[in-house]
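Student: Pasting the sequence and the predicted coordinates here, then a few questions.
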Amino acid sequence: MTVEPRIQVQSQDFDLRSEVEILTAGRRDIGAVVTFSGLCRDEQGMLSALELEHYPGMAEAEMRRIAEIAIERFSLLGLTAIHRYGKIAPGENIVLVVAAAPHRQAAFDSASFMMDFLKTSAPFWKKEHAADGTARDWVSAKDADDRARDKWM
Amino acid sequence: MSTKLVYFAWVRERIGKPEEEITIPENVVTVRDLLNHLKGLGEEYENALQYPEVIRVAIDQEHVEHSEKIAGAREIGIFPPMTGG
């Protein structure tokens, strides 16, 4: 049976509990669920918001491509990835991954794998808004994120 | 033949528009050729594509290398490295 990933790109918030329930409802074969959620930080009070831009269509397509690889590689029983766009305030959710597997290792590893590839391949860009109203710029891509991805290759 | 170009993040801001339709000259074969061609279209393009090696490109919404041929592309996305997640 092929496992279809649940992929969402949306401006509105998501709910961790209901996303876990969607993956596990009625199932008796899932032994491990790992959820990862990424939130907007205020960078020690410097930031008032992040503005998330995305490439509509490609963002969903690329997240689906990564998710299908993760399902295959870690033999997952379910996988959800949700990424928000638009203006996001400190403390709010940005991204969610929920991975379901028979055992914990595959669930942990696949959530990490999903995030490492999502950060470097899914077409999203963050722009910072400063708390004091001064101009801030686009967030730069980090070499550490490329290295985190490359360890899976 | 006319091709749709779509720009994102600081590439979009520097070029000053989110998308446009352009006719690609016959001597422009690869993604690398296209970035060099666009750089010559004016100061705003020069500013956006000053360092073409950092620019990422997608053809019909799939990532491609700069050596990829662009023949047959319906939509070409041009953007900085991704910073989502």
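Tutor: Looks like it came in fine.
Student: From now on I want contacts and neighbour counts done on CA atoms only, so please keep to that.
Tutor: Noted.
Student: Count the neighbours of residue 55 for me.
Tutor: Since you didn't name a chain, this refers to chain A. Burial of A:Tyr55 is recorded as 19 neighbouring residues (other CA atoms under 10 Å in any protein chain shown).
Student: um, chain B though
Tutor: When neighbours are counted by other CA under 10 Å, B:Ile55 registers 17.
Student: Name the nearest residue to it, sequence neighbours excluded.
Tutor: In space, not counting the residues next to it along the chain, B:Ile55 is nearest to B:Pro80; the distance is 5.1 Å by CA to CA, 6 or more residues apart in numbering or on different chains.
Student: do A:Leu50 as well
Tutor: For A:Leu50, ignoring the flanking residues on the chain, the nearest one in space by CA to CA, 6+ apart is A:Glu128 at 4.8 Å.
Student: doesn't the one you found fall inside a strand?
Tutor: Yes: in this structure, A:Glu128 lies within a strand as judged by DSSP: H, G, I helix; E, B strand; the rest coil.
Student: got a list of what it touches?
Tutor: Listed by CA atoms under 8 Å, 6 or more residues apart in numbering or on different chains, the contact set of A:Glu128 reads A:Leu47, A:Ser48, A:Ala49, A:Leu50, A:Glu51, A:Arg136, A:Asp137, A:Trp138, A:Val139.
Student: Counting neighbours, which of those comes out on top?
Tutor: Result: A:Leu50 is most packed of the contacts of A:Glu128 (other CA under 10 Å), 24 neighbours.
Student: what about whichever strand or helix holds that residue, distance to the chain center?
Tutor: Secondary-structure element containing A:Leu50, defined by DSSP states H and E: strand A:47-54. Centre-to-centre, strand A:47-54 and its host chain are 15 Å apart (CA atoms, centre = their mean, to the nearest Å).
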